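Undergrad: Take a look and give me a structure for this.
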Amino acid sequence: MDLVTDYKKIYVESTEKLLEYLRTVYTDFQEDRRDFYLEIDKYYRALLIWKDTFSLRSYNIERDKLLDNILHDYCSMVHNIAIVDIKVLYFLLRNIIESFVRYISNDLTTKDLEAAFSSVTANIVGDDKLQSFVRVYMSQLKQVYDEACLYIHADTTRMNKDMYTLLSFNSEQDIVKLEIIRKDFVMINIAMLSILKVKNVAVLEKMKENARGYLNFVIPLEERIREQKILYEY
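TA: Numbering: from 1, shown residues only. Predicted coordinates for the structure are as follows:
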């Protein structure tokens, strides 16, 4: 069995165990959400590799808690996907991005998140290629963050006019929105993992081969090609 198949097998088997559990909790559990759960397991494992690696070298416990917070939000998404709670899912997306921006900017207490977004690229001095690379992904994070904020803060153009009982909570519109959130979730994970790689090249090189291999596996080929153009500069 090749390594790619091995990597995929790990999170596929784990996701199947999660689905077995969810079927015992929700009698009307919808199997069509399997892809979203696969993405959560896949990217949870990738971020956990970084979190565990940083924990061995870090002396800033408060900063480390931000990665823990992101991983906790991934877990919180599980039941909200099952019940299709769109507002909570957007809240979790926003919280994930906010925690990451605070972590990567090393600005843990700022109330000016707009400035924190900008500082991530502004603080890269003397390397135009790296700055441009990071700026692309920070723009993607900002795009999803802004969309989540609009939904959370009751933009009336994004609100359903129909009222639902607890027995009929979601609608076809919510199901469509759920797929949009899944795609946004994938996009922000690719962005976060790509930024972590290029900003922590020395740490990446010291990882075990399987860990590095998995971090490459979860990033699409075209994004890995862009990464290599940056990594080979070092």
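Undergrad: For the helix or strand containing residue 56, list every residue counted as buried.
TA: Per DSSP states H and E: residue 56 is located in helix 34-57. By neighbour count on 16 or more other C-beta atoms under 10 Å, the buried set for helix 34-57 is 36-47, 49-51, 53-54. C-beta coordinates here come from the backbone N, C-alpha and C atoms, glycine included.
Undergrad: Could you point out the helix or strand that follows the top helix by length along the chain?
TA: Across the chain, the longest stretch assigned as helix under DSSP state H is helix 172-199. The first helix or strand that comes after helix 172-199 along the chain, using DSSP H and E, is helix 201-205.
Undergrad: Mind listing what's buried along the next helix or strand after that following helix?
TA: Beyond helix 201-205 on the C-terminal side, the first helix or strand identified by DSSP H and E is helix 209-217. For helix 209-217, the neighbour count (16+ other C-beta under 10 Å) marks 211, 214-217 as buried.
Undergrad: Tabulate those (TSV), appending pLDDT and distance to residue 66.
TA: Formatted as TSV, those follow (pLDDT from 0 to 100; distance: C-beta to C-beta, whole Å):
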residue	pLDDT	distance to residue 66
211	93	21
214	95	22
215	95	19
216	93	24
217	94	25
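Undergrad: so can I have CSV of those residues showing distance to residue 124?
TA: Conversion of those to CSV gives the following (distance: C-beta to C-beta, whole Å):
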residue, distance to residue 124
211, 25
214, 26
215, 21
216, 23
217, 27
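Undergrad: May I ask you to confirm that residue 184 is in contact with residue 93?
TA: Yes - under the criterion of C-beta atoms under 8 Å, residue 184 makes contact with residue 93 at 6.3 Å.
Undergrad: residues shared between the contacts of these two?
TA: Residues touching both residue 184 and residue 93 (C-beta atoms under 8 Å, 6 or more residues apart in numbering) are residue 144.
Undergrad: Looking at these two, which one has more neighbours?
TA: residue 93 (23 against 20; other C-beta atoms under 10 Å).
Undergrad: how about the more buried one, what does it touch?
TA: 144-145, 148, 181, 184-185, 188 are the contacts of residue 93 under C-beta under 8 Å, 6+ apart.
Undergrad: The helix or strand containing residue 138 - contacts with which helices or strands?
TA: For residue 138, the host element (DSSP H and E) is helix 128-152. Applying 3 or more C-beta pairs under 8 Å, 6 or more residues apart in numbering; DSSP states H and E, we find helix 128-152 packed against helix 86-105, helix 113-122, helix 172-199, helix 221-231.
Undergrad: Looking at those helices, which one is packed in the most?
TA: Ranked by mean neighbour count, the helices and strands packed on helix 128-152 are led by helix 86-105 with a mean of 21 (mean count of other C-beta atoms under 10 Å).
Undergrad: okay, which residue is most central for the chain?
TA: residue 189 (3.5 Å; C-alpha atoms, centre = their mean).
Undergrad: Just to check, that one is in contact with residue 44?
TA: No - taking contacts as C-beta under 8 Å, residue 189 lies outside contact range of residue 44: 9.2 Å.
Undergrad: just checking, residue 29 touches residue 23?
TA: Yes - the criterion here is C-beta under 8 Å, and residue 29 meets it with residue 23 at 5.0 Å.
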